[in-house]
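Q: Show me the folded form of this:
(chains A, B, C and D)
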Protein chains: 2
Amino acid sequence: MSKQLPLVAMDVCCAPLAREPLTQDQAVELSALFKALADPVRLRLLSLIASHAGGEACVCDLTDAFDLTGPTISHHLKVLRESGLITGDRRGTWIYYRVHPEVLARLSAVLTTTGEAVTA
Amino acid sequence: MSKQLPLVAMDVCCAPLAREPLTQDQAVELSALFKALADPVRLRLLSLIASHAGGEACVCDLTDAFDLTGPTISHHLKVLRESGLITGDRRGTWIYYRVHPEVLARLSAVLTTTGEAVTA
DNA sequence: TCCTTGGATAGATATTTGTCTAAGCAGCTT
DNA sequence: AAGCTGCTTAGACAAATATCTATCCAAGGA
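A: Sure thing, here's the model as predicted:
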């Protein structure tokens, strides 16, 4: 299966919130993902990567969009990476990031209120 | 329209993350909602409320599910309330909370990766 | 009227987190 | 090799946050 996702991303998770109560463990896993989304910079990074032509973007593309130092961007990318929402691989000089759409889709499904989930 | 939603919940927001880059303002609004979801206790509270028979639950039902003091639960409910995800109204002795499904649905739509959004 | 119970508010405190500067490593180019 | 550029790691610090105790308000029942 998908190569090397951090544990947290593998078996997240569950029926929609509104279908049945989350267990403690499910809640902890999900909250880790939502925590990664709970910052404007990280949301914009994710959106920039996800919407970028070819489905990937290098850090250099991303840094320019913010009034923040390189290390700060790098920190946010690390949070997104460790949460399992994105992966980066180096190709020559640059490092390219892309999103894991399955993880996004599962979160979307968890928040669904209208009957059934996304098939991912 | 809907009576008294906090500003943040009203016009959130936007095309799916992956369709086009979020603006700064959109990212700030969305991150406020995800921040409200970024805690295991609040996720479980939300899930307990949303999945409860009749679509609503009183605080007394909720408190028992946790090893936390009343004020702590009250604090988390306040965060959810102020983010626009739930509302509570008092009826006699008890206060009943219910979720705002539209807000949940919009978040779900923002995370969608498969073409189109939920109609909300 | 007074006490009890459901729930919120206030204030204190330890932890987490977002940002920075400084330093490091990896791959080019000359 | 030697230097440059892209990006990450390390460490420091201010701001935000999750939890607690103590207190307070609102509604009901004796």
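
Q: rest of the way, CA atoms for contacts and neighbours
A: OK.

Q: who touches the residue positioned nearest the centre of chain A in this structure?
A: For chain A, the residue nearest the mean C-alpha position is A:Leu85 (2.4 Å; CA atoms, centre = their mean). By CA atoms under 8 Å, 6 or more residues apart in numbering or on different chains, the contact set of A:Leu85 is A:Ala9, A:Leu33, A:Val99, A:His100, A:Pro101, A:Val103, A:Leu104.

Q: residues in contact with the second one?
A: The reference is to A:Leu33. A:Ser83, A:Leu85, B:Ala38.

Q: pretty sure A:Gln24 is touching B:Leu43, no?
A: No. Contact criterion CA atoms under 8 Å: A:Gln24 and B:Leu43 do not qualify, at 9.3 Å.

Q: Name the residue in those two with the higher neighbour count.
A: Comparing A:Gln24 with B:Leu43 by other CA atoms under 10 Å in any protein chain shown, the one with more neighbours is B:Leu43, at 26 against 15.

Q: Surely that one forms part of a strand?
A: No. Counting by DSSP: H, G, I helix; E, B strand; the rest coil, B:Leu43 is not found in a strand; it is helix.

Q: hang on, isn't A:Ala105 packed against B:Leu111?
A: Yes. With contacts counted by CA under 8 Å, A:Ala105 reaches B:Leu111, the gap being 6.6 Å.

Q: Give me the number of neighbouring residues for the residue in chain A positioned nearest to DNA strand C.
A: Per CA to the nearest atom of the strand, A:Gly92 is where chain A lies closest to DNA strand C, at 3.5 Å. A:Gly92 is flanked by 6 other residues according to other CA under 10 Å.

Q: who touches it in this structure?
A: A:Gly92 neighbours (CA under 8 Å, 6+ apart): none.

Q: Dihedrals phi and psi, it?
A: phi 70, psi -130 (degrees, to the nearest 10).

Q: Can you list phi and psi of the residue nearest to A:Leu45 when sequence neighbours are not counted for me?
A: Once flanking residues are discounted, A:Leu45 sits nearest to A:Leu62: 6.8 Å by CA to CA, 6 or more residues apart in numbering or on different chains. Backbone torsions of A:Leu62, given as degrees, to the nearest 10, read phi -80, psi -40.

Q: Show me the helices in chain A, by range?
A: For chain A, applying DSSP state H gives helices covering A:7-10, A:24-37, A:40-51, A:59-63, A:70-83, A:101-111.

Q: returning to that earlier point: quick one, which of A:Ala105 and B:Leu111 is more surrounded?
A: Ranked by neighbour count (other CA under 10 Å), A:Ala105 and B:Leu111 place B:Leu111 first, with 23 against 20.

Q: Which residue, neighbours along the chain excluded, lies closest to A:Ile73?
A: Closest to A:Ile73 by CA to CA, 6+ apart is A:Thr63, at 6.6 Å.

Q: what's around the one you found, how many residues?
A: 17.

Q: how far away is it from A:Arg44?
A: 11 Å (CA to CA, to the nearest Å).

Q: again, but for A:Phe66
A: For A:Phe66 relative to A:Arg44 (CA to CA), the value is 9 Å.

Q: neighbour count winner among these two?
A: More crowded of A:Phe66 and A:Arg44, by other CA under 10 Å: A:Arg44, with 25 against 13.

Q: Show the model's pLDDT score for that one.
A: We have a pLDDT of 98 for A:Arg44.

Q: So which residues on chain A come close to DNA strand C?
A: Residues of chain A lying close to DNA strand C (CA under 7 Å from any atom of the strand) are A:35, A:38-39, A:41, A:67-72, A:75-76, A:92-93.
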